[in-house]
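A.B. asks: When you get a sec, could you give me coordinates for this:
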Amino acid sequence: MDQVKTGDKLGEQNLHRKIIEKGIPSDCMPGILNDREPLPPHPLSGMVNKQGQQVRLTFKLEADQIWISTKERTTKVAIGNIRKVVNEPIVGHEEYHVVGLQTGTTEASIYWFYWVPCQYVDAIREVFASFN
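C.D. replies: Down below sits the predicted model:
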């Protein structure tokens, strides 16, 4: 079910390269290389989605949901509906990752997030691993 082909770097694929080339958002949370932190009590913010829109992630663990919010809307996704988490460091900015949350069986069902601070990636993966 792995949607990332062996040898293909996410940052080299057109979809992702276009977003990454725009650079780090000005309000991006700082990434801390070689650190691992639990999810903060506040939303993760300052990231962008595959449309280049600012996005924040709120983990509502008491409701088993993740809220994906842009200025226009908030999408509430049941944590148990996430089938897979894909992540990869952004080349040249390894303190940040591209993270994909897959809800279906195809690549079209992946919510992509760019400039996710690397210190939270393991904690994000652990949230979804506990439900699958």
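
A.B. asks: show me where this protein has helices.
C.D. replies: For the chain, applying DSSP state H gives helices covering 14-20, 121-129.

A.B. asks: Which of the ones you listed has the lowest mean pLDDT?
C.D. replies: Looking at the helices of the chain, the lowest mean pLDDT belongs to helix 14-20 (a mean of 89).

A.B. asks: That one - contacts with which helices or strands?
C.D. replies: Applying 3 or more CB pairs under 8 Å, 6 or more residues apart in numbering; DSSP states H and E, one finds that helix 14-20 contacts strand 110-117. Placement of C-beta: from N, CA and C, glycine included.

A.B. asks: coming back round to it: include distance to residue 42 and mean neighbour count when you put the helices of the chain into CSV, please.
C.D. replies: Formatted as CSV, these follow (distance: least, CB to CB, whole Å; neighbours: other CB atoms under 10 Å):
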stretch, distance to residue 42, mean neighbour count
helix 14-20, 24, 15
helix 121-129, 14, 16
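
A.B. asks: Relative to residue 29, tell me which of those helices wins on proximity.
C.D. replies: Minimum separation from residue 29 across the helices of the chain (CB to CB) falls at helix 121-129, 12.5 Å.

A.B. asks: any idea of the mean pLDDT in stretch 77-96?
C.D. replies: Here stretch 77-96 scores 95 as its mean pLDDT.

A.B. asks: export that stretch as PDB, just CAs?
C.D. replies: Taking Å, rounded to 0.1, in the frame of the first residue of the first chain, the C-alpha atoms of stretch 77-96 are listed here in PDB:
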ATOM      1  CA  VAL A  77     -11.200  13.400  10.200                       C
ATOM      2  CA  ALA A  78     -11.600  10.400  12.500                       C
ATOM      3  CA  ILE A  79      -8.200   9.300  13.600                       C
ATOM      4  CA  GLY A  80      -9.200   5.700  12.800                       C
ATOM      5  CA  ASN A  81      -9.800   6.600   9.200                       C
ATOM      6  CA  ILE A  82      -6.100   7.400   8.600                       C
ATOM      7  CA  ARG A  83      -4.700   4.300   6.900                       C
ATOM      8  CA  LYS A  84      -1.200   5.400   6.600                       C
ATOM      9  CA  VAL A  85       1.300   8.200   7.400                       C
ATOM     10  CA  VAL A  86       4.000   9.000   5.000                       C
ATOM     11  CA  ASN A  87       6.800  11.500   5.800                       C
ATOM     12  CA  GLU A  88      10.100  12.700   4.400                       C
ATOM     13  CA  PRO A  89      12.500  15.400   5.400                       C
ATOM     14  CA  ILE A  90      12.600  18.400   3.100                       C
ATOM     15  CA  VAL A  91      16.000  18.400   1.400                       C
ATOM     16  CA  GLY A  92      18.000  21.500   2.400                       C
ATOM     17  CA  HIS A  93      15.600  22.100   5.300                       C
ATOM     18  CA  GLU A  94      15.800  18.800   7.200                       C
ATOM     19  CA  GLU A  95      14.300  20.400  10.300                       C
ATOM     20  CA  TYR A  96      11.000  20.200   8.400                       C
END
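
A.B. asks: Fine by me, thanks again.
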